[in-house]
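**Q** Sequence and computational prediction follow.
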Amino acid sequence: MGEIVVHRGVLRNTTVHVDDTGGTGRPVVLIHGWPLTGRSWMYQVPALRKAGYRAVTYDRRGFGRSDKPLTGYSYDTLAEDLHAILTELDLHDTTLVGFSMGGGEVARYLGDYGRLRLRSVVFAASVTPYLMRTPNNREGPMRMATAAKMTASLTANREAFYDRFVTDVFSVDGRLKVTDSQRMEALDMCREAGRLPALECLAAFGNTDFRDDLVRATLPTLVLHGDGDSTVPFDGSAARTHAAIPGSQLVALRGAPHGCNISHSDEFNEALLTFLRG
């Protein structure tokens, strides 16, 4: 575990917290969802390590144990941060696994850096290809009114917003799919998010168009998503991401909510490890 400088500034640097299992196995870099931390991969890291892979997680800038600067929450900057981590750890033949908001970082990394240092990519419950419904994106699953309501609720009462959000993330048709302990663990991660970073990233993942980035996904790709996801609905995200990437694999986790890497961790891990072995 340690800190990596992802940006060197005139007055101060920006560092992010990284956890690395080390070893000589093929690297798998796991990029967490909003507004959680790298600890949200707690059920994937042991499985990857047991299978012989080198698992790397990190807290996105603004979240968890990482620095919380006032700027730098566009996907271009977040992809630069990811590139800095891969470079600092000298990772090659890497698989990127982006969950929810993290799927956007995978897409933008492809758009900005192509296949550099990569072997394959995974879009898990991802916000790609473009979340917001607009005149030129009529299949977008998020309406502007919904985004505005989320922003207002998060601004007014963070604790109440996160409590409701975490419940929704782990629910299908109003039924919670995790234990109360798991729900509270996720809520604790939310509380570590900076106020400004949480709002800035909410705007970023809602309003960023990744359709041109996905064109550069010319490497093995897995799209992994819960078919009961009401936070980032399957048809508006996973199905469209799969259609946008020729040759990609699509795995729908039956009855799984948005937080499928926790609620359906065994099925999630099986799909991920099968893809990695391919």
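**A** Great, that's in hand. Numbers count the residues shown, from 1 in each chain.

**Q** now the helices: where do they sit in the chain?
**A** 45-50, 75-88, 101-113, 144-156, 158-169, 180-190, 195-207, 211-214, 238-244, 260-263, 265-277 (DSSP state H).

**Q** CSV for those helices, including mean pLDDT?
**A** CSV is the format used below for the helices of the chain (pLDDT from 0 to 100):
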stretch, mean pLDDT
helix 45-50, 98
helix 75-88, 98
helix 101-113, 98
helix 144-156, 97
helix 158-169, 98
helix 180-190, 98
helix 195-207, 98
helix 211-214, 98
helix 238-244, 98
helix 260-263, 98
helix 265-277, 98
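
**Q** Need those helices in a markdown table (columns: mean neighbour count and distance to residue 119).
**A** Heads up, the C-betas are built off the backbone N, CA and C, glycines and all. Below are those laid out as a markdown table (neighbours: other Cβ atoms under 10 Å; distance: least, Cβ to Cβ, whole Å):
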| stretch | mean neighbour count | distance to residue 119 |
| --- | --- | --- |
| helix 45-50 | 17 | 14 |
| helix 75-88 | 19 | 12 |
| helix 101-113 | 26 | 13 |
| helix 144-156 | 13 | 35 |
| helix 158-169 | 17 | 29 |
| helix 180-190 | 16 | 29 |
| helix 195-207 | 19 | 25 |
| helix 211-214 | 18 | 18 |
| helix 238-244 | 20 | 19 |
| helix 260-263 | 27 | 20 |
| helix 265-277 | 17 | 9 |
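
**Q** which one of those lies closest to residue 5?
**A** Closest of the helices of the chain to residue 5 is helix 75-88, at 7.4 Å (criterion: Cβ to Cβ).

**Q** how far is the closest one from where the chain is centred?
**A** Distance of helix 75-88 from its chain centroid, counting by Cα atoms, centre = their mean, to the nearest Å, is 14 Å.

**Q** Contacts for that helix, please.
**A** Applying Cβ atoms under 8 Å, 6 or more residues apart in numbering, the external contacts of helix 75-88 come out as 4-7, 14, 16, 18, 29, 31, 56, 58, 60-61, 71-72, 91, 94, 96, 104-105, 108-109, 111-113, 116-117, 204, 208, 210.

**Q** Would you show me how to pick out the buried ones of those residues in PyMOL?
**A** Buried residues among the contacts of helix 75-88 (16 or more other Cβ atoms under 10 Å), as a PyMOL selection:
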select buried, resi 4+6+7+14+16+18+29+31+56+58+60+61+72+91+94+96+104+105+108+109+111+112+113+117+204+208+210
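
**Q** Now intersect the contacts of helix 75-88 with the strands, please.
**A** Counting by DSSP state E, those place 4-7, 14, 16, 18, 29, 31, 56, 58, 94, 96 in strands.

**Q** Export the helices of the chain to a markdown table and append columns for distance to residue 123.
**A** Listed next are the helices of the chain as a markdown table, based on distance: least, Cβ to Cβ, whole Å:
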| stretch | distance to residue 123 |
| --- | --- |
| helix 45-50 | 17 |
| helix 75-88 | 14 |
| helix 101-113 | 4 |
| helix 144-156 | 21 |
| helix 158-169 | 17 |
| helix 180-190 | 21 |
| helix 195-207 | 13 |
| helix 211-214 | 9 |
| helix 238-244 | 5 |
| helix 260-263 | 13 |
| helix 265-277 | 11 |
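
**Q** out of these, nearest to residue 225?
**A** Among the helices of the chain, the nearest to residue 225 by Cβ to Cβ is helix 238-244 (3.6 Å).
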